[in-house]
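I'll drop the sequence and a predicted model, then ask my questions.
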Amino acid sequence: MSRTVALLLKGEVSSILKSLGARNLYKCYQCGTCTAACPLSEEVTASFRKAVKYAQLGLEEKIAADPAPWLCYACGECSEMCPKDAKPTEILAALRRYSIIKYDWTGFSKRFYLSKTFELMSIAILSILTALIVYLFKGPVITERVDLSAFAQPTVAIANIIVFGVLSLILLINIYRMYKFTTSQSSSSGKLPVSTYIAEFIKIIPYHFLTQRLMARCRDGKYYYTIHLLLFYGYAVIFVHHILRHMLLPLISPTLHLNEVASSIVGISAFVALILGSSLAIYGRIKKSTIIWEYSHPTDWVFITLLWLTSITGLLTDIFKYSGLPLPTYVTFTVHLMFVVPLLVLEVPFAKWSHLAYRPFALYFNRLNEIKQLRYKT
Amino acid sequence: MKPVVVVGGGIAGIQAALDLADQGVKVYLVEKSPSIGGRMAQLDKTFPTLDCSSCILTPKMVAVDRHENIELLTYAEVKEVVGEPGNFKVKILKKPRYVDVDKCTGCGQCVMKCPVKVPNEFNLGMDMRKAIYIPFPQAVPLKATIDPEHCLYFTKGVCRVCERFCPPKAINFNQKPEEIELNVAAIIVATGFSLDDARKRGEYGYGKYPNVYTNLEFERLLSSTGPTKGEIVRRSDGRHPKKIAFIQCVCSRDELTNKYCSAICCMASTKEAILAKEHLPDVECTIFFMDVRAFGKGYQEFFERAKQEFGVRFVRARPAKIEEDPKTRNLIVYYEDTETSRFTKEEFDMVVLAVALRPILPESLVKSGLIQPDNYGFADVPEMYIEPVRASKPGIFVIGVLQSPKDIPDSVIQAGAAAMRAAIYAISG
């Protein structure tokens, strides 16, 4: 009796899931076609059917502990084969959004995902705030030549460190919370030696983070995998380049500089990759060309649009800079920051971009649980 | 008193005809194929008692043939119906058999001599019949029929071997189609079903992998009058299978094909698994199901018996796909055992698909609006609680699987109900 009541009370979770995209959640009759259809099932242990069941029952902790949604790359094979048209692909995407909400300890994610107004407002506020800070703390505006460092320094450098520090901390805490969720629902309570933790971490995290190889195994995976890699490496290259150029090298010695030509080529090609990847994704989402892009949550649009605008303005800034146009450079750079800051501050720890961390870590935690179960088999 | 027409000579039509005739009502039983018997004649045993299907059906078929109040119109189709309850005009087209049924003794000489081989529809194309044929050994009427689409005389103007060898000289190539017009009080329609096309779920490979069967094909394998004389052997190599998988709900309860439950498959597959065990005691049978719908009298017990007495394995899963090992022609079934949540690839050497039932609606009655199809294409029954066998138009009764998926007992019950209702029109008409 008490169990039934508990389940009824969980109805709220299911309605949240529906608003996160699990439109056909209750069509599922638990046949397991999705698990058996998934090209990744041969490689990873996961039950997508079970993930859908947790969703139907609104079992928050089970959902947050379940690695299955993070193993899915939304190729859509299960949705095509599903006899009930429950669209498991969409349910799993909704479960990923829900998990992001659950992992986030600040409660910000929840509001960001559930309210379009909140989402747009927070972006607008961050954008305006960024513009304001740039305006108030900008360096000298040199118009004889382009000197972005003078214009932006040291504001950008300081802001950089603060933002990166805070964001990384939040994300790390969220990952730790993800870990706690996965272990709290584990059937085995035994402990593993630290060496196993380290060995598996080394084995799984860098490899899957850098290659995202599972996605390539999906049906028609190559095309989406390419787009995904364009986005990932575009972002990663800019990120590393940025840290090297503006944070690490100046920190080591003010006289150390990257080769200007090489640096510009790296920067521009990374932006081009990002623009290409995000344009293809936006086009796909508008056309709803495949199951991957059939349903877009408002946060998906915000993410991909911000990314696109960031890349375009970033590229423009570079172009103006290397063409020797001081004022256009400073203006586009400011606009660029107005998109970059919301993108990083909101998406990395609280929304879609956090999957970059959650996906490999889900594999890692899943593997740890598997080892535990093997070791403490009863 | 006016006569009644029964359309469809399966178990439902046969029972309705007998129930009416026993009350003294004149009945015309119209059957489109050369023999009555229908789907039940294709079954080996019936659930849940495992009684021999022919042993129940054949006496009824013979009783129809002998009944003084029943006129059997086989190889005939209803072309047109007009009128009102109590007064329908029915046009029936009797196709020529090219065999004088009064002379034919059913000796089978002609069949033996005929040189033309044609896929045998009674065995679902798994073996061949001749261009002149008797559909199955217990056929009623037990008369030969020439299939003009394949007969050499009709296609090329040669041969006539049957004519030469027929002892009573019953062959008559000059027979013409005959139109019969009847005035009847009521019409009972029991035109039954065919299986849906299992290729619609292409991931199971039916039609592509030789060792994937439909359940009706498997029924014929089990039957001593079937293409293998009752031996369960694989299409690919003629060997006995060691592991058979039965997959439930193929094209049933499926948004892409048919949303409804086909009602009989749970019990039918359970029965087929038991019979497979009886034929081949060492065979392993696995039934992939999602819900076992054992709703009828003795059905739950039948299901338990399959598990406990015969060791049939039940796995709660709907396989996603089947792949074939090209060397052995064995079948690899992909599924998630939903009780253990394990993704599994398991090899079987034969797979039987429980394919959805699709109604066969008589075109002439649908065209004239006497029968209306429901959402799923079955004959609509507007008053399902108080007149559960009445079609859209009063005086027209729809029974058996034509109306909704159902098993033999339920079809027979409906036959009785329709006979009673039709008799009211017949007697007052």
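Good, I have the coordinates. Numbering: from 1, shown residues only, chains lettered A, B, ... in the order given.

Show me the domain layout of the chain.
Chain wasn't specified; assuming chain A. A:2-103, A:108-375 (automatic domain parsing).

ah, no, chain B please
According to automatic domain parsing, the ranges for chain B are B:4-95+B:177-192+B:360-428, B:109-165, B:197-356.

Ok, which of the ones you listed comes nearest chain A?
Proximity to chain A (C-beta to the nearest C-beta) singles out domain B:197-356 among the domains of chain B, at 3.3 Å. No exception for glycine: its C-beta is placed from N, CA and C like everyone else's.

Show the average pLDDT along the closest one.
For domain B:197-356, mean pLDDT rounds to 96.

Can you confirm whether stretch A:369-378 lies near chain B?
No: shown here: stretch A:369-378 not in contact with chain B (C-beta under 8 Å from any C-beta of the partner chain), separated by at least 12.6 Å.

Quick one: mean pLDDT for that stretch?
80.

buried sites along that stretch?
A:369, A:370, A:371, A:372 (16 or more other C-beta atoms under 10 Å in any protein chain shown).

now the helices: where do they sit in chain B?
Along chain B, the stretches classed as helices by DSSP state H are B:11-22, B:53-66, B:109-113, B:152-156, B:161-165, B:215-222, B:265-279, B:299-308, B:363-367, B:408-428.

and the domains of chain A as a markdown table, adding distance to residue B:77?
Shown next, in a markdown table, are the domains of chain A (distance: least, C-beta to C-beta, whole Å):
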| stretch | distance to residue B:77 |
| --- | --- |
| domain A:2-103 | 36 |
| domain A:108-375 | 46 |
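
Just tell me which of those ends up closest to residue B:292.
Proximity to residue B:292, assessed across the domains of chain A by C-beta to C-beta, is greatest for domain A:2-103 (13.7 Å).

In TSV: the domains of chain B, plus distance to chain A and mean neighbour count.
Shown next, in TSV, are those (distance: least, C-beta to the nearest C-beta, whole Å; neighbours: other C-beta atoms under 10 Å in any protein chain shown):
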stretch	distance to chain A	mean neighbour count
domain B:4-95+B:177-192+B:360-428	16	21
domain B:109-165	25	18
domain B:197-356	3	20
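
Take the buried residues of stretch A:369-378 and keep only those in helices.
Reading helices off the buried residues of stretch A:369-378 with DSSP H, I get A:369, A:370, A:371, A:372.

For these, give me CSV that also has distance to residue B:46.
As requested, these are exported to CSV (distance: C-beta to C-beta, whole Å):
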residue, distance to residue B:46
A:369, 50
A:370, 48
A:371, 53
A:372, 52
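
now, among those, which is nearest to residue B:69?
When those are compared against residue B:69 (criterion: C-beta to C-beta), the nearest one is residue A:370, at 73.5 Å.

if we can go back for a sec, with distance to residue B:389 as added columns, please give the helices of chain B in TSV.
TSV is the format used below for the helices of chain B (distance: least, C-beta to C-beta, whole Å):
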stretch	distance to residue B:389
helix B:11-22	9
helix B:53-66	19
helix B:109-113	39
helix B:152-156	41
helix B:161-165	42
helix B:215-222	25
helix B:265-279	23
helix B:299-308	23
helix B:363-367	15
helix B:408-428	4
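
circling back: could you identify which of the domains of chain A is most buried?
Greatest average neighbour count among the domains of chain A goes to domain A:2-103 (a mean of 21), per mean count of other C-beta atoms under 10 Å in any protein chain shown.

looking only at pLDDT, what's the mean for it?
On average, domain A:2-103 scores 88.

what's near enough to touch residue B:249?
Counting by C-beta atoms under 8 Å, 6 or more residues apart in numbering or on different chains, residue B:249 touches A:83, B:261, B:262, B:265, B:289, B:290, B:318, B:354.

Next one: the fourth one relative to residue B:246, how far apart?
Which is residue B:265. 9 Å (C-beta to C-beta, to the nearest Å).

The third one now?
Taking C-beta to C-beta as the measure, residue B:262 falls 14 Å from residue B:246.

who touches both of these two?
residue B:354.

Grab the nearest non-local neighbour of the most far-flung residue of chain A relative to its centre.
Farthest-out residue of chain A from its mean C-alpha position, per C-alpha atoms, centre = their mean: residue A:144, at 40.9 Å. Leaving aside its chain neighbours, residue A:144 sits nearest to residue A:326 (7.4 Å; criterion: C-beta to C-beta, 6 or more residues apart in numbering or on different chains).

next structured bit after whatever helix or strand residue A:305 lives in?
Here residue A:305, judged by DSSP states H and E, is contained in helix A:298-323. For helix A:298-323, the succeeding helix or strand toward the C-terminus, using DSSP H and E, is helix A:326-342.

Show me what that next one is packed against.
Here helix A:326-342 touches helix A:116-137, helix A:148-152, helix A:298-323, going by 3 or more C-beta pairs under 8 Å, 6 or more residues apart in numbering or on different chains; DSSP states H and E.

Tabulate the ones you listed in TSV, adding columns for distance to residue B:285 and mean pLDDT.
Rendered in TSV, the data for the helices and strands packed on helix A:326-342 read as follows (distance: least, C-beta to C-beta, whole Å; pLDDT from 0 to 100):
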stretch	distance to residue B:285	mean pLDDT
helix A:116-137	55	91
helix A:148-152	74	75
helix A:298-323	47	92
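
okay, those helices in TSV with distance to residue A:363 next?
Shown next, in TSV, are those (distance: least, C-beta to C-beta, whole Å):
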stretch	distance to residue A:363
helix A:116-137	29
helix A:148-152	39
helix A:298-323	22
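
Relative to chain B, which of the ones you listed is closest?
Across the helices and strands packed on helix A:326-342 (criterion: C-beta to the nearest C-beta), the nearest stretch is helix A:298-323, sitting at 25.5 Å.

For the stretch 151-300 of chain A, which segments are assigned as strands?
Taking DSSP state E, counting those that start in this stretch as the criterion, the stretch 151-300 of chain A contains no strands.

hmm, back to that, surely the residue farthest from the centre of chain A is in a helix?
No: counting by DSSP: H, G, I helix; E, B strand; the rest coil, residue A:144 is not part of a helix but coil.

my guess is it meets residue A:327, correct?
No: with contact defined as C-beta atoms under 8 Å, residue A:144 does not count as touching residue A:327 (11.4 Å).

just the residues of chain A that are near chain B, which are they?
Close to chain B, as judged by C-beta under 8 Å from any C-beta, chain A has residues A:27, A:29-38, A:41-42, A:45, A:47, A:49-50, A:78, A:81-85.

If anything else comes up later, I'll come back, but that's it for now.
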